[in-house]
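**Student:** Structure, please.
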Amino acid sequence: MIKKLVQRLFVVIIIVLAVKVLGAVLLKMNPNSVLYTSSLITVITTLTIAWYVVALILDIIFIKSKKPRSAGWIGLGVLAVIVTIGELFSASWIKHPEKIPNGFQTGFKWLYAHNYGQVIQIVPECSRYDSAFYYNLIPNNTCTFENVEFSNKFTANSRGFRDDDSSLVKPEIICLGDSYMMGWGVDQDQSVPAVLEKLSGKRTLNAAMSSFGTPRELMRYRTLDTSAVKYLVIQYCSNDNEENTAYLGNNHHLKISSEASYDSLRFKNEWNKKYFPGKYFVLASRYGLKEKIKSMLGKPPSNIGLPVEYPKDAKMFLDILKDFPLDFSKTKVLVYEGIDVSHRNNDFKNAVEKLLQEAGYKNHFGNSVKVVDVASLLQPEDFYILDGHFRANAHQKVAQALAKELQ
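**Tutor:** Below you'll find the model as predicted:
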């Protein structure tokens, strides 16, 4: 038995090394395939190790058997059946998220986030490179942005904002943020800014763009007609901390990457979405297992971007807000956090409010910055299962909470 184990281990090592060599060749041929190649190597390596474990288990089961059995080949057959069945279910579940059993949802959420879902800022029909902001919606353009849980028309005005041109002239309310504020996953008239305009009766501009952090949001604000602004609404997201850290760490300046970098990002994404057998089942299983292990060890769940540290992240947000020339005696700032279903808490809100009591911030902002609680308003059904963004009813709830602050 020991001899068989050593022989199989040798086979595993050979396969893993061969796969790594194949990956290096693929990357040399096409550097934009890096994400696809990484996933392919991960899946083949995982299946190879799984085969070794299954064969070992069969060796133990067959140890008392008088009839010689090839645990290696039988293990390969067993694994092939498991993966085939698992992949058939996974391919169906990723397209019908409502059918995913609760215990498997976490793995499929990360599969969707890393290997399946589209992001509007690199969809060529909707967005393009922008030298000032890295990317923007294509001005005067209408496109359809869709993922498995939604399909929506995006119509951009002459500035490339998801709004009309009339909203650019003397808006009383300007809304900044990322995909949550822009209206990812909902129709144009269902987004927070559109609903807020209806509820308040005040001209409201949706100047949000998917994936923008606080610096780019406020850089955009500088380019707008602010002559009549009474309220600035900023939607924060926990992954803003990556851009915010880069801005503050570069002497309060944000470096905008090149058009070549943007094109490469788009091509990498196109490659990353390509399918190969076993991709959905193996990757979803790995993601899910990783999160379960982290939970058992008492570690926080994974997140996109830098680790979330709310006291530090709240300070960065306020420090960046202080950088920009806003007249806080004339403009009230309303802040809320774009959250997902697993992070319905007020940790960011509480951290900002605590800092606002400190003399340095209080002297600068006065009472002009208010953080609005949306976590207590939203229920699991207000979020898309895989995508995690707000459904239309969540936008309605947030807009209603903001409208109350305008009264």
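
**Student:** helices and strands around the helix or strand of the chain with the lowest mean pLDDT, which ones?
**Tutor:** Here the helix or strand of the chain ranked lowest by mean pLDDT, DSSP states H and E is helix 2-29, holding a mean of 89. With contacts taken as 3 or more CB pairs under 8 Å, 6 or more residues apart in numbering; DSSP states H and E, helix 2-29 sits against helix 34-62, helix 71-93. Every residue, glycine included, has its C-beta placed from N, CA and C.

**Student:** Using neighbour counts, pick out the buried residues of that helix.
**Tutor:** By neighbour count on 16 or more other CB atoms under 10 Å, the buried set for helix 2-29 is R8, V12, I15, V19, G23, L26.

**Student:** Once you drop chain neighbours, what's closest to the third one?
**Tutor:** Taking CB to CB, 6 or more residues apart in numbering as the measure, I15 lies nearest to T48, with 4.8 Å between them; neighbours along the chain are not counted.

**Student:** Same question for H395.
**Tutor:** Nearest to H395 is V192, by CB to CB, 6+ apart, at 5.0 Å.

**Student:** and that neighbour, how many neighbours?
**Tutor:** 32 (other CB atoms under 10 Å).

**Student:** What are the phi and psi values at it?
**Tutor:** Main-chain dihedrals, V192, degrees, to the nearest 10: phi -50, psi -50.

**Student:** again, but for the one 5 residues further on
**Tutor:** Main-chain torsions, E197, degrees, to the nearest 10: phi -60, psi -40.

**Student:** about what we covered before: does the residue nearest to I15 really touch V16, like I thought?
**Tutor:** Yes. Between T48 and V16 there is a contact under CB atoms under 8 Å: 6.2 Å.

**Student:** one step back: what's the angle from the least confident helix or strand of the chain to helix 34-62?
**Tutor:** Computed by axes from the mean of the first three to the mean of the last three CA atoms, to 10 degrees, the angle separating helix 2-29 from helix 34-62 equals 170 degrees.

**Student:** Kindly confirm my reading that N136 is in a strand.
**Tutor:** Yes. When DSSP: H, G, I helix; E, B strand; the rest coil is applied, N136 is found to be in a strand.

**Student:** residues near it, how many?
**Tutor:** N136 has 21 neighbouring residues, counting by other CB under 10 Å.

**Student:** For Y287, see how far away it is.
**Tutor:** Relative to Y287, N136 is positioned 31 Å away (CB to CB, to the nearest Å).

**Student:** quick one, domains of this structure?
**Tutor:** Domain assignment of the chain by automatic domain parsing yields the ranges 2-93, 120-259+305-405.

**Student:** Quick one: those as a markdown table, columns for distance to K273 too.
**Tutor:** As requested, the domains of the chain are arranged in a markdown table below (distance: least, CB to CB, whole Å):
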| stretch | distance to K273 |
| --- | --- |
| domain 2-93 | 8 |
| domain 120-259+305-405 | 11 |
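
**Student:** Any idea which of those has the lowest pLDDT on average?
**Tutor:** The stretch with the lowest mean pLDDT among those is domain 2-93, at a mean of 90.

**Student:** Between its first and last residues, how far does that one reach?
**Tutor:** Using CA to CA, to the nearest Å, the end-to-end distance of domain 2-93 comes to 41 Å.

**Student:** What is the distance between that domain and the centre of its chain?
**Tutor:** Put simply, domain 2-93 sits 30 Å off its chain's centre (CA atoms, centre = their mean, to the nearest Å).

**Student:** Please look at the residue nearest to H395 and V398 and confirm they touch.
**Tutor:** Yes. V192 is within contact range of V398, at 5.2 Å (criterion: CB under 8 Å).

**Student:** Verify the contact between Y116 and K273 for me.
**Tutor:** Yes. At 6.8 Å, Y116 and K273 qualify as touching, with contact defined as CB under 8 Å.

**Student:** neighbour-wise, which of the two wins?
**Tutor:** Counting neighbours by other CB under 10 Å for Y116 and for K273 shows that Y116 has the greater number, 21 against 13.

**Student:** Touching, Y112 and L386? I think so.
**Tutor:** Yes. Counting by CB under 8 Å, Y112 touches L386, with 4.2 Å between them.

**Student:** between these two, what contacts are shared?
**Tutor:** I94, V148 (CB atoms under 8 Å, 6 or more residues apart in numbering).

**Student:** Checking my notes, H253 in a helix, right?
**Tutor:** No. Going by three-state DSSP, the assignment for H253 is coil, not a helix.

**Student:** residues near it, how many?
**Tutor:** Count around H253 with other CB under 10 Å applied: 10.

**Student:** now do the one 3 residues further on
**Tutor:** Applying other CB under 10 Å, we find 16 other residues in the vicinity of I256.

**Student:** Which parts of the stretch 201-350 of the chain are helices?
**Tutor:** Ranges of helices in the stretch 201-350 of the chain, per DSSP state H, counting those that start in this stretch, are 214-222, 240-249, 259-272, 279-296, 310-323, 347-355.

**Student:** Buried residues, the fourth one. List them.
**Tutor:** Of the residues in helix 279-296, K279, Y280, F281, V282, L283, A284, S285, R286, Y287, G288, E291 count as buried by neighbour count, 16+ other CB under 10 Å.

**Student:** just to revisit the earlier point, minimum distance to Y52: which of the helices of the stretch 201-350 of the chain has it?
**Tutor:** Evaluated with CB to CB, the helices of the stretch 201-350 of the chain place helix 279-296 nearest to Y52, the distance being 15.1 Å.

**Student:** Could you list the residues in contact with that closest one?
**Tutor:** Taking CB under 8 Å, 6+ apart as the rule, helix 279-296 contacts 39, 42-43, 46-47, 83, 86-87, 89-91, 94, 104, 106-111, 114-116, 300-302.

**Student:** Measure how far it is from the centre of its chain, please.
**Tutor:** 17 Å.

**Student:** Number of residues surrounding the residue nearest to I15?
**Tutor:** Neighbour tally, T48, other CB under 10 Å: 19.

**Student:** How far away from the center of its chain is stretch 199-215?
**Tutor:** The answer for stretch 199-215 is 19 Å, by CA atoms, centre = their mean.

**Student:** Give me the buried stretch members for that stretch, please.
**Tutor:** 199-200, 203-215.

**Student:** Please identify which helix or strand holds the nearest residue to S151 once chain neighbours are set aside.
**Tutor:** Distances taken as CB to CB, 6+ apart put T144 closest to S151, at 6.2 Å, once the chain neighbours are dropped. Secondary structure assignment for T144, by DSSP states H and E: strand 142-147.
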